[in-house]
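>>> take a look and give me a structure for this.
(chains A, B, C and D)
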2 protein chains.
Amino acid sequence: MNNPSPLDITLTDRKDGVTITEWVYEVLRNAVMSGQILPGRSLTIRELAAVLNVSSMPIREALKKLGTERALEVRENRRIMVPKMTAMKFNELCDTRIALESHAAVRALPYMTDTLLEELQTLDLAIDHARAMKNAEATIQSNQAFHRRLYSANPHQVSLPLIESLWLQLGPFLRLANSQLEEHYIVDRHQEALLAIKNKDTLALQLAIAADIREGIAFAGTPELLHQFIEASSNS
Amino acid sequence: MNNPSPLDITLTDRKDGVTITEWVYEVLRNAVMSGQILPGRSLTIRELAAVLNVSSMPIREALKKLGTERALEVRENRRIMVPKMTAMKFNELCDTRIALESHAAVRALPYMTDTLLEELQTLDLAIDHARAMKNAEATIQSNQAFHRRLYSANPHQVSLPLIESLWLQLGPFLRLANSQLEEHYIVDRHQEALLAIKNKDTLALQLAIAADIREGIAFAGTPELLHQFIEASSNS
DNA sequence: CAACCTCTTTTGTGATCACAAAAGAAATTT
DNA sequence: AAATTTCTTTTGTGATCACAAAAGAGGTTG
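Just a heads-up that it's a prediction; the model follows:
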């Protein structure tokens, strides 16, 4: 591997009780999600082990998990990388998100309580705050926290790991989109979702989630931006 | 770990070019899918390494992948096992399958060709044959092959790994259900799906897939059978 | 008999190593 | 200068090992 661009990955402190493998997974997951690793940039186990100052074992296990989640791909020539995005794949990811997340929201609806509603309101305020601060990363993370909390209201929910995988695959791209585009006016679909939940209105909830996802992604999915993103990843 | 029930896992030949880790993954994945490992039965890395006659490394990587796919779970006390099934989880898995697979079918529809239609016809005949032979495992596998081929008609399909994870989670239960229940009359929803495809009828395709899944699972999801299955797994 | 304690064994985890294959660099040929 | 060959380095893979923590077994006490 010849002169790869340097890896600038945010390292966090490892808490007690957290294994090295779990920590490595979280660090790398965050690096992928926040676009710190450019798509197409080859990764090696030894390089990551050096950057994170651990042996190859935790790296290998974390990579296996991230590979299974489709955050990383291993090519037939054994190159490990964050996959490049294509317009068609982007569309599929978005539409699959809409299908899966509106389903997950509906499956969570019977379990909603007033306490949970308030919790979601608080999470929605955090999104507004991050957006006002023009903090792209916090916006994405708090938006995901809102959705995660909503869907996990159903204790038997099986959709969440699937949804997390889709988020992971979209993460790098959305991170770039959020950090480079001007603020634009959006309808607050979360408030619509919360109203639908309060009214126990299944159809309105589905429509609000679908619109939220569609609109959250629409400005990020323009051909111009997509082209710019792919160009950026081609320079690695 | 005290006197676990013996592991009776089908071993296959490893082909050239297939790494030990990939082979181990396939063997264990099949063992889970076909119910060879009872839910709740604790597994250890060393035991599996002995049964499969490999070192712990490929076992660990395969387990990490199967864990990510939710085929196995690692408890906080580090027990590795096939998760036990509950009625609520079963319902969630089924309904999520319906949401995701009908979506995947519709996303594949624009890519269907006459050649693919013929291929699907052939795969449907294989299901009929397996069913006539009362071969439960072949029935499940050929049914999955049909669905897999249908959805993968879309080269940009992102749903397939998600769907495979749901199949894996349902696998042990469906395997038991298929092997223990009497043959019963079912409407051939695959033929309805193929007709919808030929007519490029999106709604009919959705309805056929949803009905296929619902009916394929309905007889397996009776409270009596679920109880029997959970009892069987409690004896391990 | 149940609860608790102590000792022993097992286990997952992380580190390290060796090796074959792949990738990269250098040299040679066209 | 481009293509090909050869040599060197890097890399993923699988095996092995050590260790702390967890689990299991056995003994003691109430």
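
>>> how many neighbours does the nearest residue to A:A130 once chain neighbours are set aside have?
Nearest residue to A:A130, sequence neighbours excluded (C-beta to C-beta, 6 or more residues apart in numbering or on different chains): A:A138, at 3.7 Å. C-beta: built from backbone N, CA, C; applies to glycine. Number of residues near A:A138 (other C-beta atoms under 10 Å in any protein chain shown) recorded here: 16.

>>> repeat for A:M133
By other C-beta under 10 Å, the residues close to A:M133 number 10.

>>> how about the contacts made by the residue nearest the centre of chain A?
Centroid check for chain A by C-alpha atoms, centre = their mean gives A:W167 as the closest residue, at 3.3 Å. By C-beta atoms under 8 Å, 6 or more residues apart in numbering or on different chains, the residues touching A:W167 are A:M33, A:R97, A:Q144.

>>> after whichever strand or helix holds A:L162, next one along is what?
Counting by DSSP states H and E, the element that carries A:L162 is helix A:160-180. Scanning forward in sequence from helix A:160-180 by DSSP H and E, the next helix or strand is helix A:189-198.

>>> measure A:T115 to A:L160 for me?
Note on A:T115: its distance to A:L160, by C-beta to C-beta, to the nearest Å, is 20 Å.

>>> which ones are touching the closest residue to A:V32 other than its chain neighbours?
Nearest non-adjacent residue to A:V32, counting by C-beta to C-beta, 6+ apart: A:A71, 4.7 Å away. A:A71 sits next to A:R29, A:V32, A:M33, A:V82, A:S165, A:L168, A:Q169, A:G171 when contact means C-beta under 8 Å, 6+ apart.

>>> nearest to DNA strand D among these?
A:V82 (13.8 Å; C-beta to the nearest atom of the strand).

>>> close enough to count as contact, the closest one and A:R41?
Yes: assessed by C-beta atoms under 8 Å, A:V82 is found in contact with A:R41 at 6.9 Å.

>>> more crowded one of those two?
Legend: neighbour count by other C-beta under 10 Å for A:V82 and A:R41, higher for A:V82 (25 against 16).

>>> so what's the more buried one closest to, chain neighbours aside?
Using C-beta to C-beta, 6+ apart and skipping the chain neighbours, the partner closest in space to A:V82 is A:P39 (4.5 Å).

>>> you'd agree A:R175 is up against A:I140?
Yes: using C-beta under 8 Å, A:R175 is in contact with A:I140, at 6.4 Å.

>>> all the helices of chain A, residue numbers only.
Remark: helices assigned in chain A by DSSP state H are A:20-33, A:45-52, A:56-68, A:87-108, A:114-132, A:136-151, A:160-180, A:189-198, A:202-218, A:223-234.

>>> now the ones you listed as JSON lines including distance to DNA strand D and mean pLDDT?
Shown next, in JSON lines, are these (distance: least, C-beta to the nearest atom of the strand, whole Å; pLDDT from 0 to 100):
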{"stretch": "helix A:20-33", "distance to DNA strand D": "12", "mean pLDDT": "95"}
{"stretch": "helix A:45-52", "distance to DNA strand D": "4", "mean pLDDT": "94"}
{"stretch": "helix A:56-68", "distance to DNA strand D": "6", "mean pLDDT": "95"}
{"stretch": "helix A:87-108", "distance to DNA strand D": "24", "mean pLDDT": "95"}
{"stretch": "helix A:114-132", "distance to DNA strand D": "31", "mean pLDDT": "93"}
{"stretch": "helix A:136-151", "distance to DNA strand D": "27", "mean pLDDT": "92"}
{"stretch": "helix A:160-180", "distance to DNA strand D": "20", "mean pLDDT": "87"}
{"stretch": "helix A:189-198", "distance to DNA strand D": "39", "mean pLDDT": "93"}
{"stretch": "helix A:202-218", "distance to DNA strand D": "32", "mean pLDDT": "91"}
{"stretch": "helix A:223-234", "distance to DNA strand D": "19", "mean pLDDT": "59"}
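
>>> make CSV from these and add distance to B:A104 to it.
Output for those, formatted as CSV (distance: least, C-beta to C-beta, whole Å):
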stretch, distance to B:A104
helix A:20-33, 24
helix A:45-52, 33
helix A:56-68, 19
helix A:87-108, 8
helix A:114-132, 29
helix A:136-151, 20
helix A:160-180, 12
helix A:189-198, 25
helix A:202-218, 17
helix A:223-234, 23
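
>>> for B:T122, which of those helices is the nearest?
When the helices of chain A are compared by C-beta to C-beta, helix A:87-108 sits nearest B:T122, at 26.7 Å.

>>> can you list the domain ranges for chain A.
A:20-83, A:87-232 (automatic domain parsing).

>>> what sits against the closest residue to A:V158 other than its chain neighbours?
Sequence neighbours aside, B:E92 is the residue nearest to A:V158 in space, at 4.6 Å (criterion: C-beta to C-beta, 6+ apart). B:E92 makes contacts with A:R107, A:N154, A:H156, A:Q157, A:V158, A:S159, as judged by C-beta under 8 Å, 6+ apart.

>>> what's the neighbour count on the closest residue to A:T68 other than its chain neighbours?
Setting aside the residues directly before and after it, A:T68 is nearest to B:T68 in space (C-beta to C-beta, 6+ apart), at 3.9 Å. Residues lying near B:T68 (other C-beta under 10 Å) number 19.

>>> rewinding a little: which two of the contacts of A:A71 have the greatest separation?
A:V82 and A:S165 (13.8 Å).

>>> if we can go back for a sec, which of the contacts of A:A71 sits closest to A:A126?
The closest of those to A:A126 turns out to be A:M33 (C-beta to C-beta; 17.4 Å).

>>> give me the contact list for stretch A:131-149.
Residues outside stretch A:131-149 that contact it (C-beta under 8 Å, 6+ apart): A:33-34, A:101, A:116, A:119-120, A:123-124, A:126-127, A:129-130, A:160, A:163-164, A:167, A:171, A:174-175, A:178-179, A:183, A:190, A:216.

>>> can you verify my assumption that A:P110 contacts A:N154?
Yes: with contact defined as C-beta under 8 Å, A:P110 reaches A:N154; the gap is 7.5 Å.

>>> out of A:T115 and A:L160, which sits in the busier spot?
A:L160 (17 against 8).

>>> contact partners for the more buried one?
A:A104, A:R148, A:Y151, A:S152.

>>> how close does it get to B:A177?
Distance from A:L160 to B:A177, by C-beta to C-beta: 26 Å.

>>> repeat for A:A204
The value you get for A:A204 to B:A177, if C-beta to C-beta is used, is 37 Å.

>>> more neighbours: these two, which one.
Counting neighbours by other C-beta under 10 Å for A:A204 and for B:A177 shows that B:A177 has the greater number, 23 against 15.
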